[in-house]
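J.: The sequence and its predicted three-dimensional model are supplied below.
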Amino acid sequence: MNVNLALSAILIITLLLLLFTRRQKMRSSGAALRPLSAIAALDDRLGEAIESGRQVHVSLGQGGLTGTAAPTSVAAAHILTHLAQEGSASGAAPLATVGEGALLPLAQESLRRAHDEVGRIRDYKPSMAQFVAAETEPYAFAGGVASVMQQNNVGGNVMVGRFGPEIAIIAETAARQNINQVIGTDDPSALAAATAVTGDLLVGEELFAADAYLEGSPSQIASLQVQDILRAVIAAVILILALVNYLNG
Amino acid sequence: MFKRNLPLAIAISFGALTLLGLLFLPDLSRLILSWAAFLAAAALLLGVLNLFAIHLQRLTKEGSLYSGILILGMTAVFGLAITDQLSITQNGVMTAFNWIQAPLEAALASLLAFFLLFAGFQTLKRQRSLWTVLFVATAVILLISQALTATTLLPDNVRDLFNAIQNNINNIIAVAGMRGLLIGIALGAITLSLRLLLGMDQPYNK
């Protein structure tokens, strides 16, 4: 019960901070965000693909919408929506692959709405989002995504969401085809594998921050500020506890 | 207006109920999560149908051999599931899984280390920064020290030295980095979840 109360307190404090900073952000104009090269690279990958008359491949990984990976998948869906809006306006909508059943309707809806918004709903096909393998089969997913990339006219690769170390197989396939990539995930083992392949990485929390960079609504900017405040508090608590432990021998 | 507000109301109320359930009413949370699991299972079925439809289309329109193999495999496993159910065959699906799927996945998994090592050296060739050198050097040191500590050819004091290097890298540097990463991820997940709960973010309503 004590743990639950502590969790409730953390949620309430975060909630209040979020509401307060959002209100402040709505009053002020603009926000200074530190540059993230991987965010700029997203549009670069799309631009390269459009220029070469090819598609950007976006994989949303194998995190679902009902478990602990749900926030990661929602954050990844924001990136797909952005690329779908930009791409469909130029007639080069992304090709999406998913490794979890619930992500398929999410990806299809993102692509459909993006086409609808730019008045190109006739160009939309449900097959633009493909289910590859269930989340229990990570290597089947990796092999399937690699084959989707090889069989389609892919000019850029964006992998955002929950992946495991098998991401190396997909990334290596893309690298062998000289396809530039952006990878964003919250899994440490996947990040380690991705570091070896590309410099354009969205490391953990940067994936959650991507929507603030791409859309920049007051609530998104406010949540970045809340994260900074909480991070500083946690760092201070860790340092104080370490010091107390050290002094107590 | 109704079309836009209804999903928002459903998302906020079920999110709040699940959160309350997780914190104070576990039975309620279990009930809602079981509904979500049912929806996820239905979505998986849709996913499988999507995979089948896309590859069937590719087979008929482009004559793709890989798509043909996939359709054949899916149909064969489905057939085996039916014959298992009717007791015509016994453990047909599991046999197919153990003889085909498991060895293929094991082969891919064992290739992973080579993929990573190759990718690491490619990165070193492509982008020779301090961080890349540090990344590859750490990986090589860990691989070598693991191999050396496993052999009995080296004297004990040398093996102890390699063990100490390994432990310091794994337990201090890697763990510290990983904890920092996980704290950042947790904070990002909490704020995003709260935004969804409050309806500030509506990925279903864009």
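T.: Good, I have the coordinates.
J.: CA atoms for contacts and neighbours, from now on please.
T.: OK.
J.: excluding its backbone neighbours, what's nearest the residue of chain B found nearest chain A?
T.: Nearest to chain A, among the residues of chain B, is B:L44, at 3.9 Å (CA to the nearest CA). Ranked by CA to CA, 6 or more residues apart in numbering or on different chains and with sequence neighbours excluded, the top spatial neighbour of B:L44 is A:G101, at 3.9 Å.
J.: Same question for A:D211.
T.: Excluding the flanking residues, the one nearest A:D211 by CA to CA, 6+ apart is A:H78, at 6.0 Å.
J.: For chain A, which segments are assigned as strands?
T.: With DSSP state E as the criterion, chain A has strands at A:55-61, A:95-98, A:129-131, A:154-162, A:181-185, A:201-203.
J.: export those to JSON lines and tack on mean pLDDT, mean neighbour count and distance to A:I238?
T.: Output for the strands of chain A, formatted as JSON lines (pLDDT from 0 to 100; neighbours: other CA atoms under 10 Å in any protein chain shown; distance: least, CA to CA, whole Å):
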{"stretch": "strand A:55-61", "mean pLDDT": "95", "mean neighbour count": "29", "distance to A:I238": "33"}
{"stretch": "strand A:95-98", "mean pLDDT": "96", "mean neighbour count": "26", "distance to A:I238": "38"}
{"stretch": "strand A:129-131", "mean pLDDT": "94", "mean neighbour count": "28", "distance to A:I238": "43"}
{"stretch": "strand A:154-162", "mean pLDDT": "94", "mean neighbour count": "26", "distance to A:I238": "28"}
{"stretch": "strand A:181-185", "mean pLDDT": "95", "mean neighbour count": "28", "distance to A:I238": "25"}
{"stretch": "strand A:201-203", "mean pLDDT": "93", "mean neighbour count": "23", "distance to A:I238": "22"}
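J.: Identify whichever of those strands lies nearest to B:L23.
T.: Nearest to B:L23, of all the strands of chain A, is strand A:154-162, at 25.5 Å by CA to CA.
J.: check contacts around A:I39.
T.: Going by CA atoms under 8 Å, 6 or more residues apart in numbering or on different chains, A:I39 touches A:202, A:210, A:213-214.
J.: most neighbours, which of these?
T.: A:L202 (24 neighbours; other CA atoms under 10 Å in any protein chain shown).
J.: Output the contacting helices and strands for the helix ranked longest in chain B.
T.: The single longest helix within chain B, with elements called by DSSP state H, is helix B:26-62. Applying 3 or more CA pairs under 8 Å, 6 or more residues apart in numbering or on different chains; DSSP states H and E, we find helix B:26-62 packed against helix A:103-117, strand A:129-131, helix B:2-23, helix B:65-85.
J.: Poorly predicted segments of chain A, please.
T.: A:1, A:29-31 (pLDDT under 70).
J.: Please work out which residue of it is closest to chain B.
T.: A:G101 (3.9 Å).
J.: Next, the contact list for the most centrally placed residue in chain A, please.
T.: Nearest residue to the geometric centre of chain A (CA atoms, centre = their mean): A:A76, 3.1 Å. A:A76 makes contact with A:60, A:160-161, A:207, according to CA under 8 Å, 6+ apart.
J.: Can you lay out the residues you listed as CSV showing distance to chain B?
T.: Converted to CSV, the contacts of A:A76 look like this (distance: CA to the nearest CA, whole Å):
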residue, distance to chain B
A:L60, 14
A:V160, 14
A:G161, 12
A:L207, 8
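J.: What is the nearest of those to A:I12?
T.: A:L207 (23.7 Å).
J.: Chain neighbours aside, what residue packs nearest to the closest one?
T.: A:G184 (5.7 Å).
J.: if I pick that neighbour, what's in contact with it?
T.: Here A:G184 is in contact with A:159-161, A:191, A:201-204, A:206-207 (CA under 8 Å, 6+ apart).
J.: The longest helix seen in chain A: how far from the chain's middle?
T.: Counting by DSSP H, the longest helix found in chain A is helix A:218-247. Between the centre of helix A:218-247 and the centre of its chain there are 23 Å (CA atoms, centre = their mean, to the nearest Å).
J.: And that helix, what does it pack against?
T.: With 3+ CA pairs under 8 Å, 6+ apart as the test, helix A:218-247 has helix A:2-27, helix A:205-214, helix B:175-197 packed against it.
J.: Domains in the chain, by residue range?
T.: Picking chain A for this. Using automatic domain parsing, the domain ranges for chain A come out as A:35-215, A:217-249.
J.: was after chain B, sorry
T.: B:1-90, B:127-206.
J.: want to try CSV for these, with mean pLDDT and distance to A:P165 as columns?
T.: Formatted as CSV, the domains of chain B follow (pLDDT from 0 to 100; distance: least, CA to CA, whole Å):
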stretch, mean pLDDT, distance to A:P165
domain B:1-90, 88, 23
domain B:127-206, 85, 15
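J.: Switch those over to CSV; also include mean neighbour count.
T.: Shown next, in CSV, are the domains of chain B (neighbours: other CA atoms under 10 Å in any protein chain shown):
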stretch, mean neighbour count
domain B:1-90, 15
domain B:127-206, 15
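J.: and A:E86, which of those domains is closest to it?
T.: domain B:127-206 (14.6 Å).
J.: Using PDB, write out every CA atom in stretch B:120-138.
T.: Provided in PDB are the C-alpha atoms of stretch B:120-138 (Å, rounded to 0.1, in the frame of the first residue of the first chain):
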ATOM      1  CA  GLY B 120      31.200  -2.000 -35.200                       C
ATOM      2  CA  PHE B 121      34.200  -2.100 -37.500                       C
ATOM      3  CA  GLN B 122      32.200  -0.600 -40.400                       C
ATOM      4  CA  THR B 123      31.300   2.300 -38.100                       C
ATOM      5  CA  LEU B 124      35.000   2.700 -37.200                       C
ATOM      6  CA  LYS B 125      35.800   2.900 -40.900                       C
ATOM      7  CA  ARG B 126      33.000   5.300 -41.700                       C
ATOM      8  CA  GLN B 127      33.100   7.600 -38.700                       C
ATOM      9  CA  ARG B 128      36.300   7.700 -36.700                       C
ATOM     10  CA  SER B 129      35.300   9.800 -33.700                       C
ATOM     11  CA  LEU B 130      36.500   9.400 -30.100                       C
ATOM     12  CA  TRP B 131      33.100   7.800 -29.100                       C
ATOM     13  CA  THR B 132      33.300   5.300 -31.900                       C
ATOM     14  CA  VAL B 133      36.800   4.300 -31.000                       C
ATOM     15  CA  LEU B 134      35.700   4.000 -27.300                       C
ATOM     16  CA  PHE B 135      32.700   1.900 -28.300                       C
ATOM     17  CA  VAL B 136      34.600  -0.600 -30.500                       C
ATOM     18  CA  ALA B 137      37.600  -0.700 -28.000                       C
ATOM     19  CA  THR B 138      35.200  -1.500 -25.100                       C
END
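J.: now it: how far from the chain's centre is it?
T.: With CA atoms, centre = their mean, you get 26 Å for stretch B:120-138.
J.: That stretch near chain A anywhere?
T.: Yes. Counting by CA under 8 Å from any CA of the partner chain, chain A has neighbours in stretch B:120-138: B:120, B:122-123.
J.: Just the ones of those residues in strands?
T.: Short answer: those have none in strands (DSSP E).
J.: Can you select the buried ones from these in ChimeraX?
T.: Selection of buried members from the residues of stretch B:120-138 next to chain A for ChimeraX, criterion 16 or more other CA atoms under 10 Å in any protein chain shown:
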select /B:120,123
